[in-house]
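S.K.: Quick one: sequence plus predicted model below, questions after.
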4 protein chains.
Amino acid sequence: MASKTPIGFIGLGNMGNPMAKNLVKHGYPVIAYDVFPEACKEFQDTGAQIVDSPSDVADKADRIITMLPSSLNAIEAYTGANGILKKVKKGSLLIDSSTIDPAVSKELAKAVEKMGAVFMDAPVSGGVGAARSGNLTFMVGGVEQEFDAAKELLSCMGANVIYCGEVGTGQAAKICNNMLLAISMIGTAETMNLGIRLGLDPKLLAKILNMSSGRCWSSDTYNPVPGVMEGVPSANNYQGGFGTTLMAKDLGLAQDSATNTKTPTPLGSLSHQVYRLMCAKGYAQKDFSSVFQFLREEENL
Amino acid sequence: MASKTPIGFIGLGNMGNPMAKNLVKHGYPVIAYDVFPEACKEFQDTGAQIVDSPSDVADKADRIITMLPSSLNAIEAYTGANGILKKVKKGSLLIDSSTIDPAVSKELAKAVEKMGAVFMDAPVSGGVGAARSGNLTFMVGGVEQEFDAAKELLSCMGANVIYCGEVGTGQAAKICNNMLLAISMIGTAETMNLGIRLGLDPKLLAKILNMSSGRCWSSDTYNPVPGVMEGVPSANNYQGGFGTTLMAKDLGLAQDSATNTKTPTPLGSLSHQVYRLMCAKGYAQKDFSSVFQFLREEENL
Amino acid sequence: MASKTPIGFIGLGNMGNPMAKNLVKHGYPVIAYDVFPEACKEFQDTGAQIVDSPSDVADKADRIITMLPSSLNAIEAYTGANGILKKVKKGSLLIDSSTIDPAVSKELAKAVEKMGAVFMDAPVSGGVGAARSGNLTFMVGGVEQEFDAAKELLSCMGANVIYCGEVGTGQAAKICNNMLLAISMIGTAETMNLGIRLGLDPKLLAKILNMSSGRCWSSDTYNPVPGVMEGVPSANNYQGGFGTTLMAKDLGLAQDSATNTKTPTPLGSLSHQVYRLMCAKGYAQKDFSSVFQFLREEENL
Amino acid sequence: MASKTPIGFIGLGNMGNPMAKNLVKHGYPVIAYDVFPEACKEFQDTGAQIVDSPSDVADKADRIITMLPSSLNAIEAYTGANGILKKVKKGSLLIDSSTIDPAVSKELAKAVEKMGAVFMDAPVSGGVGAARSGNLTFMVGGVEQEFDAAKELLSCMGANVIYCGEVGTGQAAKICNNMLLAISMIGTAETMNLGIRLGLDPKLLAKILNMSSGRCWSSDTYNPVPGVMEGVPSANNYQGGFGTTLMAKDLGLAQDSATNTKTPTPLGSLSHQVYRLMCAKGYAQKDFSSVFQFLREEENL
C-alpha cells in the first residue's frame, strides 16, 4: 500500500469529499485543494496533504481528479492563473468528474494535450449516498488506451465505470440520460395526476403502466406519487434524492449542447423550463420527483 | 358449445374483424353489424349472422361488444335512430372496446342504465397482430360485480383483462398509458439524436440509458433508432406498429380529458402537437417511433 | 318606445345582468330567466318580467338572447327538458352571446333551424365594465341576411358589432383573438423578465419593443410589468381586468377546436398549460397579465 | 471632410460591407479587414485601405467597428493571436455591432478596459436593405459618457441609435425584441391557421385581430398569411425578409441568456425549437413568417 503514488484531488464539496475519502480508504496518498478553507480543514483529518492551489496539486501529483460545480470553476482550475496547467507534468492523467458542457471538456482536453498530458471527462451518476458507499457510476470520455488507467482509480469510488468514446462523450452520456430522465419523470407525474383525476387508483394505475408500454424507471422504480412505493423520496415528502435545482442545471447543459449542435429537443427544452419554474416556486431543494406535487395542486374555485 | 348464447358485435374494421373472429373460434354464435356492407360481407364467411342495424343486433343478443373508431360513431351506435338502445333488453351486458373520451363512456353508461342494462368500457392495447392472435390487453371500467361476466367474453380475444374501476376508468387507463408512451418515445428520440450529434455511438448510448434512470419501454424494447434493435419498426423503415395518426388521436383524447379536469399536462400537450405536426409532414401512416426520423433531419447549410 | 316587442334574456350573471339592463334602458320590455332565483330577483327591480324556464321565455318572446357560462349550460338552455326549443316560435331570432365551443354553436344552430327559427352566435369581448357602459364588442356568426336584425339588438349593448361569417365564426373569432392575446401576453412577460435580468430598465425596454417588431397590444397597451404603465392591472396589483381563470377557459376552447380541426398550435397549447398551472398556484382571480409575476419570482438559493 | 480621422472596420459580409460603405460615403477614411480575401477585394474599390489582420486595423485606427457572425468570431477578432487587443491604443473606441451573447460582450468589455480602451456593444435591427440605405436601428450598451462619440459614427449607418444602458444591454435589447417577435409571429401563424380552418376569411380575421387585443406587429404589419397584405414576404413566397436560420440563431442566444440568468421562458424556448425544426425541414432560407406555411400543411387522410 505504501508504494502507491499520490493522487491529486481538487474540489472537496458534497460529492468530492466522500469520493476523495474513498481514495484514501483504498490506500492512496491524496494531495487535495478546495477554494473553501473549511472544506480543506474538514478533509485534512483523513491524513491527506492540503496545498494552496491547483498548480500546487499538479506539482506533487501526476494523476489528478477534479470535481467542481460548474464549467467556469473547471476552466479556472485548469487554465487559471494558479491552475493545474501551470505546473502539470508531461504524461499526467487528469480526470474531470464535474458535470459540465461537453464543449468545455473538449476545450480543456485540447489545452491539456498541448502540455503533453492526458485529459478524460468522467462525470458521475448517483448522488451523495453513492459517493459515500463507493457505488457511483462513471461515464468516461477520452482516448481509449488511457481508459484502463482511469478505471483503476475510478473503481475505488464507483461500482460502474463505462467507456463512452472520445473526450466529451462522458458528459454527453450523462446529460442525455438526465434529459430523458427529466422528460419521463414529468411525463409520469402528468400521467399519474391525470389518471387520478379521471378516477383511477394510483397504485392500480402504476401497476397498469408498469406492465404496459408507458413503463419507465420513473414509474416502476422511483414513482413520484406518495403512497405508490416505499423507500423513495415521494414516500418521504420529497426529501433526499436528486434535487430539483441540480436537475435544472443538467437540463441547462443539455440545452446548451442542443443549441450548439442545432438539435431540436422540444420536450427536453420544455422540461428545462418546468424545472426552472419549480426552482422559483419553492421546490429547489426537494427531490425532482416533486414535480408531481407541483402539478397536482387543485385550482381554487 | 352449441348451447352458447349469441354475442352481438358492432364494428368489423381492422380491429373488430379479427376480434369477432376469435369469438367465433371460441364457439360463440355471433350477430354482427357494420356500416360498411363490404366489411359485413367479408365477415359473413365465418358463419356469423349479419343484421341491418345496431338495434337489430340488440334485438337478437343480450351481450354485445362494440368496436368503433370515434366518440361520434359510438354515440350513434348506442343512441342513434337505429341504435342499440332502441331494442336493448333489460339485463343486457354492453361492452364498448372503442377508444373514446371517458366522459362519453360515462354518458353512454347513464343512457344504458336507464334502460335497465349494464355498460362497461373496455378499450384495448396491442394492435392488429394482437387482435388476430387473441393477445390483446383489455382495460375494463364498470360495476365490479359485472366484471366476471365481461372477462369471460374478453378472454376469448385478449391475454390480459384488467379491472380498472368505475365506468370510464378503462378509457382513462388507456389514454394515460398512451400519453406517457408518447412522451417517453419523443423523449427517447430527442435524447438519442442529441447523443449521436455529441459523438456517442447509438447502440452504446441505448445500453447506457437502459442500465440507468433514463430507461423506458421506448428505449429498451422499441428503440426508435435504426440499427439499435431488431424486430422493431425502426428496423423496418417504420412500417407496421402503431401509426402516428392513431397516436395523435389518442393524445387528442388525453388533452380533452385534461382540459375537462383542469389537469396541467405540459409535456402531454406538447407531445400531441408534435404528433399533429408529423401527421401533416408525411408521417401519418408510419409507426409513431418515426419521430426520431422527424427530428434527426439535418439543417441545410 | 311602448310599441317595442319584448326581448327574451336568459342568463343574468355578471355579464348578462348589465347587458339585459341596457336593453331595458333602450326601451325594450324584457322577459328574463336565470337558474339562480337571487339573480332573477335582483333583476326584477328593472321592471322586467321573470319567468320560470327558458321554454317560458320562448313562449313570450320571439327574439331571445342567451348569456351562459359554458357549453353544457347553453345546450341545456336550448335543448333541455324545459329548453327554448320546447316552445320556440317559427321565425324567432335566437342569439347566443355565451363563449362556447364553435362546434356546439353549430349543433345548436341545426337544432334551432329544424324548428324553423334562426340561431346566431355572438360572443363578446370587453369585460363587466364594457357590459355596463354598453361598450362591448360582439363577434357575430350566422346567416348574413339576419345580421341587421341582430345588430339592432346588439347595438344596445355594444359599441362594435362585427359580422364574421357563417354560424360558429363569431366563436371562432373570439377564441382566435384570445389565443393570440394569451401567447403575446406570456411572450411579453417572458421578454420583459429576461430583459430586466439582463440589466435593462423596464420602461426603456418597453419603449424599445414598442418602436420595434416585438410590439404588441400586451406590450404597448396593457404592459404586465408594474411601473411601466398607469391605469392597467399591473399598476394595481393585478386586480380587475380579465381573470386568469377565464383566460384558461377560453384557451381550453381553443384547444378543443384545434384538436377537432387537427390544427397544430404549439404555442397556443403551451399557453393553455401555463394559465392552467397559474390557476393552481393562486393566480385564478388575478388579471391574466399576472403571468409576469408568476414567471419573475427568483429561485431561492 | 479631409480632416476626418480614419475608422477601422472588421467584417465585410452581407451586413458589414454596406455599413462600411456608408462610412466611406460620409467622408471617413476606412481601414478594413475580413478573413475572406474576396470580401476585402470587393470592398477595396471604395478606396478603403485593406490590412492583414485585426491588430493591423488597431494599429492604424483608434475608432473601430466590428460586424461578425458569431460569438467565437468576435472573441477571435478581439483577443486572438492577431486580434485588436494586440495593438489597441489607449483611449480607443471599439464598437461591436455583431449579434452575440451579452455575456460575451461583457467579457470583451473587460478585456478592452484592461488595455485602457472603451468597448460598446451595438447590434442592429433591420436587414441588408436597411444597411444599404443607412436606415438600421442600433441598440447601444456601454458607458453613457461615450454614447455621443459612438452615436456620431453609428448615425452614418443608421436612422435610430438607442442608448440601452451598461455594456451588454444593447445585445439584451436585441435578443429580447427578437424573442418576442418570434413568439408573436408563431402565435399569429397558429391563430390565423386555426381561424381559417374554423371557417373565417383570413383578411377579415386579420382585421378583427388588428382592432382587438390580439394585435401585434406580426399581425398588422407583417402578416404571415398569403393574400392578407401586400409588400411583405408572405406575398412573395416568403422570399427576402429575415431568414428562419437567422431567427433560430437569435433565439439560441436568447436561450443561452435565459439559462445563464435562470429565467423561465416557456414560449421563447418552444419558439426556438419550432424554428430549429423548420431549419431542418427546408425553411432555413425562407423568411421567418413562413412558419404559417410550416403549420398549415394538411394531414394526409
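M.R.: It's in. Since the model is a prediction, treat every value here as computed from it, not as a measurement. Numbers count the residues shown, from 1 in each chain, chains lettered A, B, ... in the order given.
S.K.: Work out for me the element the closest residue to chain C within the stretch 101-250 of chain A sits within.
M.R.: Per C-beta to the nearest C-beta, A:Thr245 is where the stretch 101-250 of chain A lies closest to chain C, at 7.2 Å. Using the backbone N, CA and C atoms, a C-beta is placed for each residue, glycine as well. Using DSSP states H and E, A:Thr245 maps to helix A:244-260.
S.K.: Which positions within that helix qualify as buried?
M.R.: For helix A:244-260, burial by neighbour count (16 or more other C-beta atoms under 10 Å in any protein chain shown) applies to A:244-259.
S.K.: what's the farthest-apart pair in those residues?
M.R.: A:Thr244 and A:Thr259 (22.2 Å; C-beta to C-beta).
S.K.: Give the next helix or strand downstream of the longest strand anywhere in chain A.
M.R.: The longest strand of chain A (DSSP state E) is strand A:158-165. Scanning forward in sequence from strand A:158-165 by DSSP H and E, the next helix or strand is helix A:169-197.
S.K.: so how far is that following helix off the chain centroid?
M.R.: Put simply, helix A:169-197 sits 16 Å off its chain's centre (C-alpha atoms, centre = their mean, to the nearest Å).
S.K.: now what about whatever helix or strand comes next after that helix, what contacts it?
M.R.: The helix or strand immediately downstream of helix A:169-197 is helix A:202-210, counting by DSSP H and E. Contact partners of helix A:202-210, identified using C-beta atoms under 8 Å, 6 or more residues apart in numbering or on different chains, comprise A:188, A:191-192, A:195-196, A:215, A:219-220, A:223, A:225, A:227-229, B:139, B:162, B:164-165, B:173, B:176-177, B:180.
S.K.: at 7 Å what do you get?
M.R.: A:192, A:195-196, A:215, A:219-220, A:223, A:225, A:227-228, B:139, B:162, B:164, B:173, B:176-177, B:180 (C-beta atoms under 7 Å, 6 or more residues apart in numbering or on different chains).
S.K.: next one: that helix to chain centre, how far?
M.R.: With C-alpha atoms, centre = their mean, you get 30 Å for helix A:202-210.
S.K.: Pull out the buried positions in that helix.
M.R.: A:202, A:204-206, A:208-209.
S.K.: tell me which residues form a beta bridge with the spatially most central residue of chain A?
M.R.: Per C-alpha atoms, centre = their mean, the C-alpha nearest to the average position across chain A is that of A:Val124, at 4.5 Å. Taking DSSP bridges, one obtains A:Phe138 as the residues bridged to A:Val124.
S.K.: Do me a favour and get the backbone dihedrals for A:Gly231.
M.R.: phi 70, psi 20 (degrees, to the nearest 10).
S.K.: Distance-wise, check it relative to A:Asn14.
M.R.: 22 Å (C-beta to C-beta, to the nearest Å).
S.K.: ditto for A:Pro69
M.R.: 9 Å.
S.K.: Please apply the same query to A:Met211.
M.R.: Distance from A:Met211 to A:Asn14, by C-beta to C-beta: 38 Å.
S.K.: ok, now A:Gly142?
M.R.: Relative to A:Asn14, A:Gly142 is positioned 25 Å away (C-beta to C-beta).
S.K.: from memory A:Val112 sits against A:Phe119, does it?
M.R.: Yes: because the distance of 3.9 Å satisfies C-beta atoms under 7 Å, A:Val112 is recorded as touching A:Phe119.
S.K.: Neighbour count for those two, which is higher?
M.R.: Taking other C-beta atoms under 10 Å in any protein chain shown, A:Val112 and A:Phe119 do not tie; A:Phe119 has more neighbours (27 against 23).
S.K.: just how off-centre is the helix or strand in which that one is found within its chain?
M.R.: Using DSSP H and E, the element containing A:Phe119 is strand A:118-121. Here strand A:118-121 shows a centroid-to-chain-centroid distance of 16 Å under the convention C-alpha atoms, centre = their mean.
S.K.: quick one: contacts of that strand?
M.R.: Strand A:118-121 is contacted by residues A:93-96, A:105, A:108-109, A:112-113, A:140-143, A:146, A:150, A:167-168, A:170-171 when judged by C-beta under 7 Å, 6+ apart.
S.K.: can you rerun that using 6 Å?
M.R.: If you take C-beta atoms under 6 Å, 6 or more residues apart in numbering or on different chains as the criterion, strand A:118-121 is touched by A:93-96, A:105, A:108-109, A:112, A:140-142, A:146, A:150, A:170-171.
S.K.: separation between A:Ser97 and B:Gln49?
M.R.: Distance, A:Ser97 to B:Gln49, using C-beta to C-beta: 72 Å.
S.K.: Looking at the two, which is more packed in?
M.R.: Shown here are A:Ser97 and B:Gln49; by other C-beta under 10 Å, A:Ser97 has more neighbours (28 against 16).
S.K.: just checking, the more buried one touches A:Ala131?
M.R.: No: using C-beta atoms under 6 Å, A:Ser97 makes no contact with A:Ala131, being 10.0 Å away.
S.K.: Now the strand holding A:Phe119 - C-alpha only, CSV.
M.R.: The C-alpha coordinates for strand A:118-121 follow below in CSV (Å, rounded to 0.1, in the frame of the first residue of the first chain):
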residue,chain,number,x,y,z
VAL,A,118,-4.0,13.4,-20.9
PHE,A,119,-7.5,14.6,-20.1
MET,A,120,-10.6,12.5,-19.6
ASP,A,121,-14.1,13.6,-18.7
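S.K.: which residues of chain A fall in strands?
M.R.: A:7-10, A:30-33, A:49-50, A:63-66, A:93-96, A:118-121, A:124-125, A:136-141, A:158-165.
S.K.: name the helices or strands packed onto the first one?
M.R.: If I follow you right, that is strand A:7-10. Applying 3 or more C-beta pairs under 6 Å, 6 or more residues apart in numbering or on different chains; DSSP states H and E, we find strand A:7-10 packed against strand A:30-33, helix A:54-60, strand A:63-66.
S.K.: neighbouring contacts of the first one?
M.R.: Contact partners of strand A:30-33, identified using C-beta under 6 Å, 6+ apart, comprise A:6-10, A:20, A:23-24, A:43, A:48-51, A:54, A:57, A:60-61.
S.K.: ok, now with 7 Å
M.R.: By C-beta under 7 Å, 6+ apart, the surrounding residues in contact with strand A:30-33 are A:6-10, A:12, A:20, A:23-24, A:40, A:43, A:48-51, A:53-54, A:56-57, A:60-61.
S.K.: ok now that strand, how far from the chain's centre?
M.R.: Centroid displacement of strand A:30-33 relative to its chain, using C-alpha atoms, centre = their mean, is 21 Å.
S.K.: That strand pairs with which strands, and in what direction?
M.R.: Strand A:30-33 has these strand partners (DSSP bridges): strand A:7-10 (parallel), strand A:49-50 (parallel).
S.K.: Next, format the ones you listed as JSON lines and append mean pLDDT and distance to D:Asn73.
M.R.: Shown next, in JSON lines, are the strands paired with strand A:30-33 (pLDDT from 0 to 100; distance: least, C-beta to C-beta, whole Å):
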{"stretch": "strand A:7-10", "mean pLDDT": "98", "distance to D:Asn73": "33"}
{"stretch": "strand A:49-50", "mean pLDDT": "96", "distance to D:Asn73": "43"}
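S.K.: Tell me the residues of chain A that contact chain D?
M.R.: When proximity is defined as C-beta under 7 Å from any C-beta of the partner chain, chain A approaches chain D at A:252, A:255-256, A:259, A:262, A:264-266, A:269-270, A:273, A:276-277, A:279-280.
S.K.: looking at it, A:Ala109 is touching A:Gly170, isn't it?
M.R.: No: judged on C-beta under 7 Å, A:Ala109 makes no contact with A:Gly170 at a distance of 11.1 Å.
S.K.: Who has more neighbours out of the two?
M.R.: The neighbour comparison of A:Ala109 against A:Gly170 (other C-beta under 10 Å) goes to A:Gly170, with 31 against 24.
S.K.: out of the buried residues of helix A:244-260, who's near chain B?
M.R.: A:257-258.
S.K.: now, among the buried residues of helix A:244-260, which is nearest to A:Glu297?
M.R.: For the buried residues of helix A:244-260, the nearest to A:Glu297 is A:Thr244 (15.8 Å; C-beta to C-beta).
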